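*Asks:* no sequence on this one, just coordinates:
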């Protein structure tokens with residue numbers, strides 16, 4: 001026999017309501033967690049970008065001037081300024097700056113292995129800086145607030161999340177470039193032109209830009225049997241020469257200082273290379289040149305062994321090239337080359353190799369240097 005239930009009986013309704021409320025609370029909590037995690041992820045990206053930018057900027061400062069290579073973490077420091085610029089609220093805390101390769105830098109401690117930490121320390125002898133950053137709000141808090149979580153019961157006093165980041169950047173000489181000028185100069189020439197004249201133990205590179213004084217200008221002569229000097233691999237002939245690996249089409253070559261190249265010290269300048277040099281002079285472009293430590297053979301059979309510490313940075317100011325033409329120096333207004341000789345004049349400087357040359361880091365550096373992230 002079936003028993004009829006009274007119409008309107010609401011037994012079980014409370015349980016249904018509780019279930020609905022519980023489910024709603026769960027979805028609300030999950031939504032709050034999702035939104036907060038999205039905000040934390042965005043904050044992490046800003047903090048990491050700031051660390052990367054600060055490390056790259058400081059690495060360039062270290063490469064250019066040891067006096068600017070400091071372990072300063074203040075807002076006015078190089079890492080501090082770049083970290084702040086990468087934050088939407090304009091402020092990021094730099095907690096530590098360290099590195100190796102310049103005496104002013106503090107030594108770094110080993111990595112903790114956490115995913116927010118840097119990779120293990122690079123090999124000894126590597127020039128690098130390390131920048132660690134962390135959240136700092138406009139109010140000075142160093143924990144990123146979980147805004148939606150604080151709306152939940154029991155989480156009103158949630159302190160927030162610590163969002164740290166770490167970045168390392170390195171600087172050093174350049175082993176290879178693509179699309180370089182197919183021209184090499186003697187170690188003797190480079191050594192004499194950049195020899196320490198200030199008594200500070202550093203190479204005498206002209207600061208550029210701005211334009212240096214006319215006394216910085218040097219004249220590079222065509223490769224000759226003399227004068228010679230005592231170089232890193234015995235007696236070295238002075239001057240310069242062409243590298244025959246260059247494509248005639250664009251007067252460019254892929255250059256690697258670990259290779260040996262054939263060349264021609266007496267070769268006439270091709271029309272395309274004349275145009276290239278004229279553009280360098282007109283635009284006051286810094287050219288990156290390999291330096292040879294040994295030149296064997298004569299004429300088109302000359303073989304160049306290159307210095308493995310990298311490339312020189314040279315600004316061509318003019319040239320005299322019989323059969324091609326003469327262009328007076330834009331720096332001094334003169335033509336500092338004996339009549340009948342093939343000469344290029346300009347000054348040596350130091351500076352970064354642009355990314356368009358695809359520089360590969362290697363060697364101690366001979367004026368040109370590369371900067372890159374290493375962790």
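*Replies:* Structure received. Quick caveat: nothing in here was measured; it's all calculated off a predicted structure.

*Asks:* hey, let's count contacts and neighbours off CA atoms from now on
*Replies:* OK.

*Asks:* give the contact list for residue 199.
*Replies:* Under the criterion of Cα atoms under 8 Å, 6 or more residues apart in numbering, residue 199 has no contact partners.

*Asks:* Residue 311 now?
*Replies:* 173-175, 257, 288-291, 365-369 are the contacts of residue 311 under Cα under 8 Å, 6+ apart.

*Asks:* Provide a ChimeraX selection command restricted to the buried entries of the residues you listed.
*Replies:* What follows is the ChimeraX syntax selecting those of the contacts of residue 311 that are buried according to 16 or more other Cα atoms under 10 Å:
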select :173,174,175,257,288,289,290,291,365,366,367,368,369
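
*Asks:* quick one: least confident of the contacts of residue 311?
*Replies:* The lowest pLDDT within the contacts of residue 311 belongs to residue 365, which sits at 90.

*Asks:* Just the ones of the contacts of residue 311 in strands?
*Replies:* 174, 175, 288, 289, 290, 291, 368, 369 (DSSP state E).

*Asks:* Please name the residues that touch the second one.
*Replies:* If I follow you right, that is residue 175. Taking Cα under 8 Å, 6+ apart as the test, what residue 175 contacts is 256, 257, 258, 308, 309, 310, 311, 359, 360, 361, 362, 363.

*Asks:* give me that answer again for 7 Å
*Replies:* For residue 175, the contact set (Cα atoms under 7 Å, 6 or more residues apart in numbering) comprises 256, 257, 310, 360, 361, 362, 363.

*Asks:* Wasn't the last one part of a strand?
*Replies:* Which is residue 363. No: counting by DSSP: H, G, I helix; E, B strand; the rest coil, residue 363 falls outside a strand, being coil.

*Asks:* Distance check, it against residue 60.
*Replies:* 17 Å (Cα to Cα, to the nearest Å).

*Asks:* Between those two, which is the more surrounded one?
*Replies:* residue 60 (23 against 16; other Cα atoms under 10 Å).

*Asks:* care to break the chain down by domain?
*Replies:* The chain resolves into domains spanning 21-172, 174-368 when parsed by automatic domain parsing.

*Asks:* So for the first one, mean pLDDT?
*Replies:* For domain 21-172, mean pLDDT rounds to 79.

*Asks:* Please name the nearest non-neighbouring residue to residue 48.
*Replies:* Using Cα to Cα, 6 or more residues apart in numbering and skipping the chain neighbours, the partner closest in space to residue 48 is residue 165 (5.2 Å).

*Asks:* returning to what we had before: among the contacts of residue 175, which one has the most neighbours?
*Replies:* In the contacts of residue 175, the most neighbours by other Cα under 10 Å go to residue 310, 28 neighbours.

*Asks:* and the closest residue in space to residue 344 that isn't next to it in sequence, what does it touch?
*Replies:* Nearest residue to residue 344, sequence neighbours excluded (Cα to Cα, 6+ apart): residue 319, at 4.3 Å. By Cα under 7 Å, 6+ apart, the contact set of residue 319 is 326, 327, 328, 343, 344, 345.

*Asks:* hmm, 8 Å instead?
*Replies:* 326, 327, 328, 329, 335, 342, 343, 344, 345.

*Asks:* Over to residue 55?
*Replies:* Contacts of residue 55 by Cα under 8 Å, 6+ apart are 79, 129, 130, 131, 167, 168, 169.

*Asks:* So what would you say the end-to-end distance of stretch 242-262 is?
*Replies:* 9 Å.

*Asks:* Give the closest residue to residue 240 in space, chain neighbours not counted.
*Replies:* Per Cα to Cα, 6+ apart, closest to residue 240 is residue 185, 4.2 Å.

*Asks:* what's the distance between the one you found and residue 317?
*Replies:* 16 Å.

*Asks:* So which of those two has more stuff around it?
*Replies:* residue 317 (29 against 26).

*Asks:* Surely that one touches residue 346?
*Replies:* Yes: Residue 317 lies in contact with residue 346 (Cα atoms under 8 Å); the separation is 4.6 Å.

*Asks:* Overlap of the contact sets of those two?
*Replies:* residue 329.

*Asks:* Would you format the contacts of residue 319 as TSV with distance to residue 273 and secondary structure included?
*Replies:* What follows is these, written out as TSV (distance: Cα to Cα, whole Å; DSSP: H, G, I helix; E, B strand; the rest coil):
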residue	distance to residue 273	secondary structure
326	14	strand
327	14	strand
328	17	coil
329	18	coil
335	20	coil
342	14	coil
343	14	strand
344	13	strand
345	16	strand
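
*Asks:* ok, so of the residues you listed, who is nearest residue 268?
*Replies:* residue 342 (9.3 Å; Cα to Cα).

*Asks:* Find me the pLDDT at that closest one, would you?
*Replies:* 83.

*Asks:* Same check on residue 282?
*Replies:* 94.

*Asks:* Report the buried residues of the helix or strand hosting it.
*Replies:* Here residue 282 sits within helix 271-283, counting by DSSP states H and E. Judged by neighbour count using 16+ other Cα under 10 Å, the buried positions of helix 271-283 are 273, 274, 276, 277, 278, 280, 281.

*Asks:* With stretch 125-133 instead?
*Replies:* For stretch 125-133, by 16+ other Cα under 10 Å, it's 127, 128, 129, 130, 131, 132, 133.

*Asks:* Of the contacts of residue 175, which is the nearest to residue 137?
*Replies:* Once Cα to Cα is applied, the member of the contacts of residue 175 that ends up nearest residue 137 is residue 361, at 37.5 Å.

*Asks:* hmm, back to that, going by distance to residue 198, which of the contacts of residue 55 wins?
*Replies:* residue 129 (27.7 Å).

*Asks:* returning to what we had before: could I get the contacts of residue 175 as JSON lines with distance to residue 117?
*Replies:* Formatted as JSON lines, these follow (distance: Cα to Cα, whole Å):
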{"residue": "256", "distance to residue 117": "34"}
{"residue": "257", "distance to residue 117": "35"}
{"residue": "310", "distance to residue 117": "32"}
{"residue": "360", "distance to residue 117": "26"}
{"residue": "361", "distance to residue 117": "24"}
{"residue": "362", "distance to residue 117": "26"}
{"residue": "363", "distance to residue 117": "28"}
